[in-house]
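> how would this look folded up:
(one chain, ligands or ions: 2)
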Amino acid sequence: MFDYHVHSLFSADGKMSMTEACARAVRLTINEIAFTDHVDYVYPGSTLNWEFDQETYEREIVRCESLFGGELTVIRGAELGLHLNSHARNEAFTNSYPFDFLIGSVHIVGAQDLDNGEYFEGRSLDDAARGYLEAVNQCVREYSGFNVLGHLDLFKRYLHFINCKRQDVNWADYQDIIEDTFRVLIETGRGIEVNMSGYRSGAGYTLPEPEMVRLYRRLGGEVITVGSDAHCVEQVGLQLRRGYEILTQAGFNYVTTFRRREPLFRQLRSLL
Ligand SMILES: [Zn+2]
Ligand SMILES: [Zn+2]
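Numbering: from 1, shown residues only. Ligands and ions are numbered 1, 2, ... in the order given. Just a heads-up that it's a prediction; the model follows:
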């Protein structure tokens, strides 16, 4: 199995060291772990440092390789915060280090953070969903320096701020914009991830939903990764198999891994 979304202490909100994450992955017989630590150049209102030092990061990766190399492949990755004002800095950051894999994710819309609820103030469910999906679409169109789009429908994780549930979202209303985002990704050799973090709280969903994974496939999507979005040891590898089942049901017979930002397609049959 391949966990392609893991945060270590190099992320401002990470709670495990790389070695702790690797040890857990080995115990779970995971074959590859992609560290995708946060780089968010635009993070209004946060006092945390959403960047990491590449030299220290490399040293820690090399240490993990020497400790676990025979059993686990360690992938050099990052989760880039996509924002209209961070394209140039993202580009400079990713070009100065030999990354294997890059997730592009929208965490901030305009000057508002989804995570602290600010984004949802005064918005209806429709405003919140549309505003987020439009911000994602614009970033995907403007900036192509990443491999997969992270958690396409992240807004769904925070609907409690407006007393709504994900079941209240009428996906048909957003089909056009989601299709357009998928088309742009596909045309430029990029893909999406299936983020399993929605299962943690017992909420029981993926980001995006299986319906969207099927839509992506129908449109010709090929590049697709599955990741736990783990921030602590207990979350490493969580629900990967369920993610592979969703891929199979959507018509994929492989999952994607990466080396030096180039995709490799791995048969799902042996993972289920
Ligand atoms: Zn994220
Ligand atoms: Zn993440």
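> D3 against I30, yeah?
Yes: counting by Cβ atoms under 8 Å, D3 does reach I30; the two are 5.5 Å apart. Any C-beta I mention is one placed from the backbone N, CA and C, and that applies to glycine too.
> okay, strands next: where are they in the chain?
For the chain, applying DSSP state E gives strands covering 2-6, 32-39, 73-81, 101-105, 108-109, 112-113, 148-149, 191-195, 224-227, 254-259, 262-267.
> for W50, give me its contacts.
11-12, 38-41, 43, 81 (Cβ atoms under 8 Å, 6 or more residues apart in numbering).
> swap in N49?
Neighbour list for N49: A12 [criterion: Cβ under 8 Å, 6+ apart].
> pLDDT score assigned to it?
pLDDT for N49: 90.
> give me phi/psi at it?
phi -100, psi 110 (degrees, to the nearest 10).
> and the residue in the stretch 101-250 of the chain that ligand 2 sits nearest to, how close does it get to L240?
With Cβ to the ion as the measure, D229 is the residue of the stretch 101-250 of the chain nearest to ligand 2, at 4.4 Å. Relative to L240, D229 is positioned 11 Å away (Cβ to Cβ, to the nearest Å).
> can you check V74 too?
Using Cβ to Cβ, V74 is found at 17 Å from L240.
> can you check S8 too?
In this structure, S8 and L240 are 18 Å apart, going by Cβ to Cβ.
> so if I had to pick from those two, which one is more boxed in?
The neighbour comparison of S8 against L240 (other Cβ atoms under 10 Å) goes to S8, with 25 against 22.
> neighbours of the nearest residue to the more buried one once chain neighbours are set aside, how many?
Nearest residue to S8 in three dimensions, chain neighbours excluded: M18, at 4.5 Å (Cβ to Cβ, 6 or more residues apart in numbering). M18 sits with 23 neighbouring residues when counted by other Cβ under 10 Å.
> just checking, what packs against the longest helix along the chain?
Scanning the chain for the helix with the most residues, using DSSP state H, yields helix 125-142. Packing partners of helix 125-142 (3 or more Cβ pairs under 8 Å, 6 or more residues apart in numbering; DSSP states H and E): strand 108-109, helix 175-187.
> neighbouring strands for the shortest one, and are they parallel or not?
What that stands for is strand 108-109. Within its sheet, strand 108-109 is paired with strand 112-113 (antiparallel), according to DSSP bridges.
> so which bits of the stretch 101-250 of the chain are right by ligand 2?
When proximity is defined by Cβ under 5 Å from the ion, the stretch 101-250 of the chain lies next to ligand 2 at D229.
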